[in-house]
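Engineer: Predicted model follows, preceded by the sequence.
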Amino acid sequence: MTVPDLSCLVLPDRAPAEFLARVRDAEQAGARTVWTYDHLSWRDLADGPWFSTVPLLAAAAGATSTVRLGAQVATPNFRHPVPFAKEVMTLDHMAAGRLELGVGAGAEDADARVLGQAPLTRKERSNRFEEWATLLATLLEQDRTTSRGSFYSAEDARMIPGCVQQPRVPLTVAATGPRSMRLAALLGSAWVTYGPYRQSPGPQEWLAAIAEQNKSLGKVIAEVAPGKQIRRIAQVALDEARPFGDADTYRQFAEDVAAAGFDELTVHWPRPDGRGVPAAAIDMVVATHA
């Protein structure tokens, strides 16, 4: 049986030189894409080092030549679409058209409070994400954009010379509910899921959940964008180690992800703190996808 393509997540919590070394290691291992988180701080790592996503991706663009690079995921929690679109366009040129951009509504965490914003209801967060992602996509596709929205506006925003990839950098939309899946169908070149939101199911329950989510996405695509092909990406949680116990276990896990309809499987590159893929297992993981 087939397995999905392999992609890797490298967190931005190590010195830039170490971050780049890991990105190069993942490229040499044959990863399709190396992603990094786009947060200002993150959960239990908030009190330690945490570097900025855009400069790290710019450095990675110059340190690699074949692997695709991306943020997983950027959100409206602290990013305005106008300056961010300019950064994305520039990154696509620095990476010679190898940039991917993951986008999501953003969790109700530190990033949602860091600028002193008033809390939003779930509906307001969905409304904001839809407006943010739509304007971001429009900015990346046009030389000049003027737009007035409830959350964001642009006044003759220039995006010249535009992205290397046309009509724009591909968006990977994080979505689990019907409304965000609709946005994935309309704007996305890919869709990513982490499985059940903020739950910790066992591997079989997780596989069943992402398979059901994929079926839901298929129904939404059939309704709003019939015939559109969207790349499906499943991301394994940072602290989920059970699939990596041995070669047979991981091979079966990867095959099951493919059988659930996914094209790409994202794992966290080995870390000094032992989270992500165990260091002793990374060669086995890479060999499975070779």
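Structural biologist: Received, thanks.
Engineer: So for this structure, which residue is the most central one in space?
Structural biologist: In the chain, the centroid-proximal residue (Cα atoms, centre = their mean) is residue 72; its distance is 2.7 Å.
Engineer: Please tell me how far it sits from residue 2.
Structural biologist: Separation of residue 72 from residue 2 (Cβ to Cβ, to the nearest Å): 23 Å. For the C-beta atoms, the positions are set from N, CA and C on the backbone; glycine is no exception.
Engineer: same question, residue 66
Structural biologist: For residue 66 relative to residue 2 (Cβ to Cβ), the value is 22 Å.
Engineer: more crowded one of these two?
Structural biologist: residue 66 (10 against 7; other Cβ atoms under 10 Å).
Engineer: who's in contact with residue 141?
Structural biologist: Neighbour list for residue 141: 162, 167, 168 [criterion: Cβ atoms under 8 Å, 6 or more residues apart in numbering].
Engineer: which helix in the protein runs the most residues?
Structural biologist: Longest helix in the chain, counting residues (DSSP state H): helix 203-224.
Engineer: for this structure, what spans make up the helices?
Structural biologist: Using DSSP H, helices in the chain cover 16-28, 53-63, 81-94, 110-113, 122-141, 178-187, 203-224, 247-259, 282-289.
Engineer: Out of those helices, which gets nearest to residue 273?
Structural biologist: Comparing the helices of the chain by their distance to residue 273 (Cβ to Cβ), the top pick is helix 16-28, with 12.9 Å.
Engineer: Packing partners of that closest one?
Structural biologist: strand 33-36, helix 53-63 (3 or more Cβ pairs under 8 Å, 6 or more residues apart in numbering; DSSP states H and E).
Engineer: ok, residue 145 - contacts?
Structural biologist: Contacts of residue 145 (Cβ under 8 Å, 6+ apart): 135, 138, 139, 154, 156, 157, 159.
Engineer: Let me know the pLDDT of it.
Structural biologist: pLDDT recorded at residue 145 is 98.
Engineer: about what we covered before: so the longest helix of the chain versus helix 178-187, what angle?
Structural biologist: Using axes from the mean of the first three to the mean of the last three Cα atoms, to 10 degrees, the direction of helix 203-224 lies 60 degrees away from that of helix 178-187.
Engineer: Buried ones in helix 203-224, by neighbour count?
Structural biologist: By neighbour count on 16 or more other Cβ atoms under 10 Å, the buried set for helix 203-224 is 203, 206, 207, 208, 209, 210, 211, 213, 214, 217, 220, 221.
Engineer: Turn those residues into CSV, columns for distance to residue 76.
Structural biologist: Below are those laid out as CSV (distance: Cβ to Cβ, whole Å):
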residue, distance to residue 76
203, 32
206, 27
207, 31
208, 31
209, 26
210, 25
211, 29
213, 22
214, 25
217, 22
220, 21
221, 24
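Engineer: between those, which is nearest residue 127?
Structural biologist: residue 220 (18.1 Å).
Engineer: where does that closest one land on pLDDT?
Structural biologist: pLDDT, residue 220: 98.
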